[in-house]
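> Predicted model and sequence follow; I will ask about them next.
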Amino acid sequence: MTERIKFNPLNPQPMMIVISGLPGVGKDSVVKRMMQREPSFHFVVTVNTRAPRPGEVNGVDYIFVSEQEYFRMKEQGELLESARVYNEYKGVPRKQVEAALTSGKDVFLRLDVQGAGKIKQLNPEALLIFLTTQSEDEMVRRLEKRQTESGENLKDRIAIARSELKRVDEFDFVVVNHEGRLEEAVDDVLSIIRSEHLRVHPRRVSK
């Protein structure tokens, strides 16, 4: 039988929290607002080989690296999780995660559905939250409004998003991010995290 950590409300166990979901659903907006409201979380800045979008800051939104540097990091075991997504490479820096968990902080990861699945395989007790739109039509409208893809790329994104929606049962919770109601989505995510910290048998996250 697996040994369980005893409940201690004065010293909650740090959790690994993954927020994922459909493209264009507002993962970045939810995460940024969460970090403003709960700065005690450690948000893991992931590695990305694509060029920064307007307004993105290196080291804050992503760690932007060349493909050569990405593969060096992967070969040296510096990435906890890595994958090719939408013709770009992404990865989770291992040291960030280990340092935050050791310090007792909840670790927060913003990943695509593929990356979330890999984290769950590596760490089955990670908390996975799926962020979605109210409907598929709304998802398509948001992707079109974002204007980061066009033509065939946009069609590919929509097709992939539809396939990702079928994997929702791999997650622990689902949160709808209604357009124009960001605070409600953030409230829902924070409520999930707080309730998880009150479990009699806390999640055990390996470092």
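All right, it came through fine.

> what about the strand or helix carrying Leu101, distance to the chain center?
Assigning secondary structure by DSSP states H and E places Leu101 in helix 94-102. Chain-centre distance of helix 94-102: 16 Å, with Cα atoms, centre = their mean, to the nearest Å.

> Pro12: what's it in contact with?
If you count contacts by Cβ atoms under 8 Å, 6 or more residues apart in numbering, Pro12 has them with His197, Pro202. (Each C-beta comes from the backbone N, C-alpha and C, glycine too.)

> which stretches of the protein form strands?
Assigned strands in the chain, in chain order: 16-21, 42-43, 47-48, 63-64, 79-85, 88-93, 107-110, 127-132, 173-176 (criterion: DSSP state E).

> Please work out which of those strands is packed deepest.
Mean neighbour count, computed with mean count of other Cβ atoms under 10 Å, is highest for strand 16-21 among these, reaching a mean of 26.

> Could you list the paired strands of it along with their orientation?
Each strand that pairs with strand 16-21, with its direction, by DSSP bridges: strand 107-110 (parallel), strand 127-132 (parallel).

> Could you provide those strands in TSV, with additional columns for mean pLDDT and distance to Pro54?
Rendered in TSV, the data for those read as follows (pLDDT from 0 to 100; distance: least, Cβ to Cβ, whole Å):
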stretch	mean pLDDT	distance to Pro54
strand 107-110	93	19
strand 127-132	96	23
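
> Make TSV out of these and add distance to Glu88.
As requested, these are arranged in TSV below (distance: least, Cβ to Cβ, whole Å):
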stretch	distance to Glu88
strand 107-110	15
strand 127-132	20
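
> Quick check: the gap between the spatially closest residue to Arg50 that is not a sequence neighbour and Gly180.
Among residues not flanking Arg50 along the chain, Glu88 sits closest, at 4.2 Å (Cβ to Cβ, 6 or more residues apart in numbering). Remark: distance between Glu88 and Gly180 (Cβ to Cβ, to the nearest Å) = 29 Å.
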